[in-house]
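Visitor: I would like the atomic coordinates for the input below:
(one chain, ligands or ions: 1)
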Amino acid sequence: MGRKAKTAFITGITGQDGSYLAELLLKKGYRVCGLLRRNSNPSYGSAAHLRSEVEFFLGDLADPACLSMYLAEVKPDEIYNLAAQSQVHESWSQPLATADQTGLGALRIFEAVRNVLPQARVYQASTSELYGDTTVVPQDEETPFHPVNPYAAAKALAHFDAQIYRKSFGLFISTGILFNHESPRRSPDFVTRKVSLAVAAIKLGLKGARIPLGQGGIPVINKDRKLELGNLDAKRDWGFAGDYVEAMWMILQHDKPDDFVVATGETHSVRDLCESAFSVAGLKWKDRVVINKKWIRPTETGPLVGNYTKIRKALGWKPKVKFEDLVNMMVQADLAKLR
Ligand code: F7E
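Guide: Residues are numbered from 1 along each chain as shown. This next block holds a predicted model:
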């Protein structure tokens with residue numbers, strides 16, 4: 001007799017990470033269930049192509065009753081909490097909604113697990129934003145947190161509660177402290193996709209309504225056909241989302257719950273990103289990028305770069321896609337999509 005297929009329950013399944021994770025788990029033979037927010041028109045986002053394979057449950061992280069009900073009904077072996085208000089920039093305009101979805105949302109999951117399904121394994125999506133304006137480089141699991149925005153503060157609540165529920169109640173709750181991870185499925189609210197879409201729109205000479213919408217629903221290039229960005233000096237450790245969902249799964253297969261940094265170990269500035277992305281299309285970034293103060297944040301983090309030694313040694317995970325290949329993948333995908 002073969003072993004019974006495992007069941008996974010994913011919150012945030014319609015996002016970039018949720019859709020890659022669902023694909024990975026389906027390939028591994030899991031029954032995959034996902035929480036879908038109730039809108040008048042249900043939006044499956046990046047998971048639209050998985051609609052016939054995933055079981056969707058209408059609900060909201062704001063509602064503890066529905067979380068308990070679904071856990072009791074589905075009895076997942078593994079729960080991946082990827083749902084959040086995940087835009088740092090937006091977290092200054094919506095600090096309370098961010099605290100609720102990103103911070104309390106996680107706590108509601110932990111409470112539901114404690115009450116209804118204490119044997120389940122839980123993955124909590126933590127973030128390099130926790131390190132904030134750190135001066136320690138690179139950052140690892142021991143580096144102190146210095147959050148500098150409402151998003152990071154909400155993620156800190158979730159991260160500490162994950163550790164507290166693990167210790168206090170013996171629950172299997174693990175966290176992945178993920179550094180930035182991108183893909184052609186990334187929302188244009190984030191800088192990598194904003195740049196790759198703008199490069200493609202400029203290269204293809206798109207005009208008027210054919211110019212795709214970017215951050216905040218604003219066309220990705222302005223009337224002068226330029227890309228408007230904020231801080232070009234900001235430094236991030238950018239990896240490929242497809243690699244990072246494998247890390248999430250591996251973290252839950254470990255023999256004990258723990259915290260792991262997931263990163264590439266390389267850092268690049270937004271300026272480097274522009275240079276690479278425009279050069280994929282044979283364009284010079286300096287002619288095409290202008291600064292708009294609107295996109296400069298009230299506070300910025302220190303240079304973020306992760307040390308992934310712990311996960312490499314304990315679980316054998318390492319990133320496969322390098323920065324240049326990631327940028328190339330995203331620009332090529334947008335050129336193909338918009339052509
Ligand atoms: O910004 C700078 C900006 O919005 C990256 C989320 O997944 O990763 C992501 O958070 C950097 C920042 O991502 C623009 O100031 C310059 O320094 O792509 P981003 P993020 O804030 O790092 C972490 C790990 C998460 O957990 C988050 O959920 O780029 N930047 N000019 C800009 N950023 C944006 N969005 N737009 C600009 O025009």
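
Visitor: If we ignore the residues flanking it in sequence, what's nearest Glu23?
Guide: Counting by C-beta to C-beta, 6 or more residues apart in numbering, Leu50 is the residue found nearest to Glu23 once chain neighbours are left out, at 6.9 Å. In this view, the C-beta of every residue, glycine as well, is placed from N, C-alpha and C.

Visitor: For Leu36, see how far away the one you found is.
Guide: Separation of Leu50 from Leu36 (C-beta to C-beta, to the nearest Å): 12 Å.

Visitor: Between those two, which contacts overlap?
Guide: Common contacts of Leu50 and Leu36 (C-beta atoms under 8 Å, 6 or more residues apart in numbering): Tyr44.

Visitor: contacting residues around the longest helix anywhere in the chain?
Guide: Looking across the chain with DSSP state H, the single longest helix is helix 150-169. If you take C-beta under 8 Å, 6+ apart as the criterion, helix 150-169 is touched by 81, 84-88, 90-92, 95, 98-99, 101-107, 110, 113-114, 118, 122, 124, 126-127, 129-130, 132, 145, 147, 171-175, 177, 257, 259.

Visitor: I'd assumed Glu182 was in contact with Tyr20.
Guide: No: contact criterion C-beta atoms under 8 Å: Tyr20 and Glu182 do not qualify, at 11.3 Å.

Visitor: anything in contact with each of these two?
Guide: Common neighbours of Tyr20 and Glu182 are listed as Ala241 (criterion: C-beta under 8 Å, 6+ apart).

Visitor: Phi and psi next, for the residue nearest to Asp233 when sequence neighbours are not counted.
Guide: Excluding the flanking residues, the one nearest Asp233 by C-beta to C-beta, 6+ apart is Ser269, at 5.8 Å. When read as degrees, to the nearest 10, the backbone of Ser269 gives phi -90, psi 170.

Visitor: Run a quick neighbour tally on Ser269.
Guide: Neighbour count of Ser269, defined by other C-beta atoms under 10 Å: 15.

Visitor: what about Cys274, neighbour count?
Guide: The tally of other residues near Cys274 (other C-beta under 10 Å) stands at 24.

Visitor: and what of the one 10 residues further on?
Guide: Using other C-beta under 10 Å, Lys284 has 11 other residues around it.

Visitor: Pretty sure Ile202 is one of the things it touches, is it not?
Guide: No: look at Lys284 against Ile202 with C-beta under 8 Å: they stay out of range, at 10.9 Å.

Visitor: thinking again about what came up before, phi and psi next, for the residue nearest to Glu23.
Guide: Here is the backbone geometry of Leu50 (degrees, to the nearest 10): phi -110, psi 10.
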